[in-house]
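1. give me the fold of what follows.
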Amino acid sequence: MKLGLFGYGVIGRGVYTLVENLTKRYDVEMVKVFDLPIKKEILGDKLVTDIYDIINDEDIKIVVEVLGGHDLPYEVISGCLKKGKSVITANKEVVSMHLEEFINLAHQNNCSFCFEASAGGGIPVIRPLIDNIKVNDVNDIFGILNGTTNYILTKMDDEGLSFEDALALAKKNGFAEANPTADLEGLDIVRKINILSSLAYRGNICNDDIYHYGITGVTKQILDDIKSRGYVLKFVAASHRDGNDVTIRVEPTMVPNGHPLSAVKNEFNAVLFTGSTNDTLEFYGKGAGSIPTATAIVSDLVSILENRAYIGYRNENKLVVNQKTNVCAKYYVIDKEDKVSIRMDMSDEELLASKFYARIL
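-> Model prediction:
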């Protein structure tokens with residue numbers, strides 16, 4: 001089976017290496033890699049600099065897309081699916097925006113669309129969720145879905161690092177991008193919780209409808225105060241469905257000591273699904289790093305090779321997201337004068353007007 005790879009960055013190199021090792025068990029070969037001309041010295045004749053050299057190659061049956069961004073990956077994924085090529089991607093931005101379209105294209109052209117690495121990094125959550133909702137109504141999703149920010153908060157809390165030093169260490173160790181804005185402001189988590197919620201609730205959700213508040217205002221003093229109250233601060237995505245009404249929020253959250261998420265540290269992630277028949281399922285693993293993400297991608301490849309990659313999804317519910325103006329929850333709030341208070345039933349406008357806030361579980 002001949003494969004094509006779009007993107008030879010940190011994750012792409014991991015995928016390339018794992019695929020080479022896979023050839024001992026499966027008849028697969030990475031024959032073309034799309035990237036910039038500067039990669040010629042590394043890739044030799046396998047390098048192509050035009051995406052259509054892969055899209056139009058009838059011998060290539062499966063492609064992996066790890067380019068990042070939206071426009072070019074969208075062109076790549078939709079173009080390959082229309083040609084009947086199975087596609088594997090880790091791109092949460094493009095998947096969260098075009099999930100239904102891509103799955104329908106795959107069904108129409110008798111190929112597969114797989115995106116395990118787009119929601120949990122190295123944690124296998126997509127496949128278990130899809131299998132589970134066939135017999136179980138999942139109405140709550142709760143988790144730490146970004147390894148970069150969890151790493152930063154852990155280093156600040158456990159080792160006393162400043163926010164800036166923890167971020168620099170995350171970049172040095174390959175857990176943070178050169179521009180980490182999407183991670184720090186919660187946009188990365190928004191996309192991931194969108195994908196999980198859309199699948200679980202069988203409906204389309206728009207990223208712009210998901211409330212998010214970032215962690216750039218966190219200080220060591222805030223973490224120490226939260227710790228003295230018996231909590232640990234985590235950057236959490238919470239999604240709840242009640243009929244077609246859906247509430248999804250991404251925000252700093254005070255998790256009590258002893259809660260399953262309180263012990264999730266460094267680049268590790270965890271997600272909890274609560275359903276109607278089996279209560280709560282917990283998934284835990286590395287959410288950042290090239291090899292964990294590449295492992296999830298190559299696991300999707302193996303699923304395709306073994307003919308078990310079909311993903312069924314129907315947009316059958318008209319979901320309404322975040323229509324309530326006040327949040328029925330307790331919040332730790334620091335106002336502009338640095339006064340700390342515990343508040344209830346605050347509007348988003350009031351929360352955003354504060355210097356810093358965190359939801360309290």
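2. what's the neighbour count on Ile311?
-> Using other C-beta atoms under 10 Å, Ile311 has 19 neighbouring residues. C-beta coordinates here come from the backbone N, C-alpha and C atoms, glycine included.
3. hmm, Glu100 and it touching each other?
-> No: contact criterion C-beta atoms under 8 Å: Ile311 and Glu100 do not qualify, at 11.3 Å.
4. which residues touch the residue nearest to the spatial centre of the chain?
-> Closest residue to the average C-alpha location of the chain: Ala119 at 3.2 Å, with C-alpha atoms, centre = their mean. Ala119 makes contact with 92, 125-126, 145, 192, 195-196, according to C-beta atoms under 8 Å, 6 or more residues apart in numbering.
5. distance of it relative to Gly186?
-> Ala119 is 15 Å from Gly186, where distance means C-beta to C-beta, to the nearest Å.
6. with Asp165 instead?
-> 21 Å.
7. more neighbours: these two, which one.
-> Using other C-beta under 10 Å, the more surrounded residue of Asp165 and Gly186 is Gly186, with 27 against 14.
8. quick one: contacts for the more buried one?
-> The contact partners of Gly186, taken as C-beta under 8 Å, 6+ apart, are 146, 212-215, 235, 250-251.
9. closest one to Gly14 out of those residues, please.
-> The nearest member of the contacts of Gly186 to Gly14, counting by C-beta to C-beta, is Asn146 at 18.8 Å.
10. wait, Ala117 touches Val95, no?
-> No: contact criterion C-beta under 8 Å: Ala117 and Val95 do not qualify, at 9.8 Å.
11. and for those two, which residues touch both?
-> In contact with both Ala117 and Val95: Thr89, using C-beta under 8 Å, 6+ apart.
12. now do stretch 42-60: distance to the chain's middle.
-> Using C-alpha atoms, centre = their mean, to the nearest Å, the mean C-alpha position of stretch 42-60 is found 28 Å from that of the whole chain.
13. same question for stretch 138-146.
-> Using C-alpha atoms, centre = their mean, the offset of stretch 138-146 from its chain centre is 11 Å.
14. what's the answer for stretch 241-259, then?
-> Its chain's C-alpha centre and that of stretch 241-259 lie 16 Å apart, by C-alpha atoms, centre = their mean.
15. kindly report the same for stretch 21-38.
-> The answer for stretch 21-38 is 25 Å, by C-alpha atoms, centre = their mean.
16. flag every buried residue along that stretch.
-> Across stretch 21-38, burial judged by 16 or more other C-beta atoms under 10 Å covers 22, 28, 30-35.
17. for stretch 279-289, same thing?
-> 281, 283-289.
18. of all the residues you listed, which two lie farthest apart?
-> Longest span within the buried residues of stretch 279-289, C-beta to C-beta: Leu281 and Gly289, 23.6 Å.
19. how about stretch 177-184, which residues are buried there?
-> Those would be 180, 182-184, for stretch 177-184 by 16+ other C-beta under 10 Å.
20. same thing with stretch 114-122?
-> Neighbour-count burial for stretch 114-122 [16+ other C-beta under 10 Å]: 114-122.
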